[in-house]
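Q: sequence unavailable; structure follows:
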């Protein structure tokens, strides 16, 4: 029996072959080999390596709940037992421990923490980072617990290369989740410095993704994200990290679409990433998001069946919706938010409102993504447009929702005015219009337009001019309205 006579060699050969079978898509062969390793593996760390690969396999096949289950089995072998049904309030004690364990040490000095000598700790933290992506999309409370526990393990027992990634997500939770944006930025800077200290290409790839897709835009210009996402994609290809290549492809495509770059230039780029994710690596998790972005870009160029549809000769939106309803809530949020925006732009406000309300229920599953701002802003703009013909009671309901949205949007705008202030000002102008505060509305439209124009959000500057034109036209000032419409 080769397992008895040559255990170490058998383990390495079967593990390598199983990884190769997995990478070329022979999942049945890979699973057969994994099962053999689990049966004969002597040490927990040997079995955990199998669970790490199976976890990634489940994610790529869009089996997120199975991925979470496999990851938790691996952690149990290492003595880590996440709560069965975590809640966001329930994980706050683990967060409090991160402050206690840091003590009086400066954040900037944590980069010099000693490196752990325990190989078990290295594997434990790496598995935690592997489990974060499916938890992020399906169980945000579990994701938070994993991050906080990983930080506490690092602060108590020393650094590993995975600590950089954990500090990156820790920064995200402190910023977008808890509202401590400056504090979050300091931990983000620490995460990048740690990737340089360890020079681990896999963790550098994953940490860059966290910085670019989830954190950077809350404090820095949106265009500054490009280098993070491009580096993530490049390093993911180089290291064979198929999962994060798909994440980066989506994040980059959504960014160039959100920035309002020329569609004739950006649409081929989005299609290229869509073809890579959907056809080449066949990523069932990120594939629907790339299809949504690709079809949205086609719709905006007039290449779909009609203005309100994403369907064309190659894509059936009704069939896509059916598949989407069986998938994760994060993909559903992306689809419904993009559809809300399209219906709003085409003045189909009632359908935009319906799409926005559905998308809002999925917001916890896209924590930190810039699409949360898009959902907030276009939901408010839609309700503001509907106020014109709504009855008094419905109008009050809409205005309460806008007020709630604006409270959150103001926080985002104050922390990242380059990216979000124009949305806040334009919506505030719409509210002033509804309340017949004409002078205030006119000033706010101009301020919102200027903010969008100065920061190169051309599509939103155009939208602001169009909203101002409608406002002045409604006040019987067609000459002024004409100037704004021509500018739009």
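A: Perfect, I can see it now. Only a predicted model underlies this, so the values are computations on that prediction, with no experimental measurement involved.
Q: distance of the residue nearest to residue 340 when sequence neighbours are not counted relative to residue 143?
A: Of all residues not flanking residue 340 in the chain, residue 355 sits nearest, at 3.9 Å (C-beta to C-beta, 6 or more residues apart in numbering). Placement of C-beta: from N, CA and C, glycine included. Distance, residue 355 to residue 143, using C-beta to C-beta, to the nearest Å: 26 Å.
Q: can you check residue 59 too?
A: For residue 59 relative to residue 143 (C-beta to C-beta), the value is 14 Å.
Q: now do the buried residues in whatever helix or strand the residue nearest to residue 340 lives in.
A: Residue 355 belongs to helix 349-360 when assigned by DSSP states H and E. Neighbour-count burial for helix 349-360, counted by 16 or more other C-beta atoms under 10 Å, picks out 349, 351, 352, 353, 354, 355, 356, 358, 359, 360.
Q: these into a markdown table, with extra columns for distance to residue 137?
A: Listed next are those as a markdown table, based on distance: C-beta to C-beta, whole Å:
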| residue | distance to residue 137 |
| --- | --- |
| 349 | 30 |
| 351 | 26 |
| 352 | 25 |
| 353 | 26 |
| 354 | 23 |
| 355 | 20 |
| 356 | 20 |
| 358 | 17 |
| 359 | 15 |
| 360 | 17 |
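Q: which residues of the stretch 101-250 of the chain score low on pLDDT?
A: Across the stretch 101-250 of the chain, nothing is flagged by pLDDT under 70.
Q: in terms of secondary structure, what does the longest helix that the chain contains contact?
A: The longest helix of the chain (DSSP state H) is helix 392-415. Packing contacts for helix 392-415, counted by 3 or more C-beta pairs under 8 Å, 6 or more residues apart in numbering; DSSP states H and E, involve helix 371-386, helix 417-434.
Q: same thing but 10 Å
A: Counting contacts by 3 or more C-beta pairs under 10 Å, 6 or more residues apart in numbering; DSSP states H and E, helix 392-415 packs against helix 181-198, helix 349-360, helix 371-386, helix 417-434.
Q: contacts only, for the residue positioned nearest the centre of the chain.
A: Geometric centre of the chain, nearest residue: residue 369, 3.8 Å, by C-alpha atoms, centre = their mean. Contacts here follow C-beta atoms under 10 Å, 6 or more residues apart in numbering; on that basis residue 369 touches 136, 176, 213-214, 217, 250-251, 254, 330, 333-334, 337, 363, 375.
Q: just give the nearest non-adjacent residue to residue 432, would you?
A: residue 441 (3.8 Å).
Q: I'd like the distance between the one you found and residue 256.
A: Remark: distance between residue 441 and residue 256 (C-beta to C-beta) = 32 Å.
Q: and what of residue 415?
A: Residue 415 sits 23 Å away from residue 256, going by C-beta to C-beta.
Q: I'd say residue 439 and residue 429 touch.
A: No - contact criterion C-beta atoms under 10 Å: residue 439 and residue 429 do not qualify, at 11.2 Å.
Q: out of those two, which sits in the busier spot?
A: residue 429 (26 against 8; other C-beta atoms under 10 Å).
Q: residue 406 against residue 381, yeah?
A: No - applying C-beta under 10 Å, one finds residue 406 not in contact with residue 381, separated by 11.3 Å.
Q: what's the local residue count around the closest residue to residue 431 other than its chain neighbours?
A: Spatial nearest neighbour of residue 431, excluding adjacent residues (C-beta to C-beta, 6+ apart): residue 402 at 6.3 Å. Number of residues near residue 402 (other C-beta under 10 Å) recorded here: 24.
Q: if I look at residue 402, what pLDDT would I see?
A: Residue 402 carries a pLDDT value of 97.
Q: repeat for residue 469
A: pLDDT for residue 469: 98.
Q: related to what we said a few turns ago, tabulate the helices and strands packed on helix 392-415 (a markdown table), appending distance to residue 272.
A: Output for these, formatted as a markdown table (distance: least, C-beta to C-beta, whole Å):
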| stretch | distance to residue 272 |
| --- | --- |
| helix 181-198 | 27 |
| helix 349-360 | 27 |
| helix 371-386 | 21 |
| helix 417-434 | 25 |
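Q: so which of the ones you listed is nearest residue 129?
A: Ranking those by proximity to residue 129 (C-beta to C-beta) places helix 181-198 first, at 11.9 Å.
Q: just list what that closest one packs against, helices and strands only.
A: helix 162-172, helix 201-209, helix 392-415.
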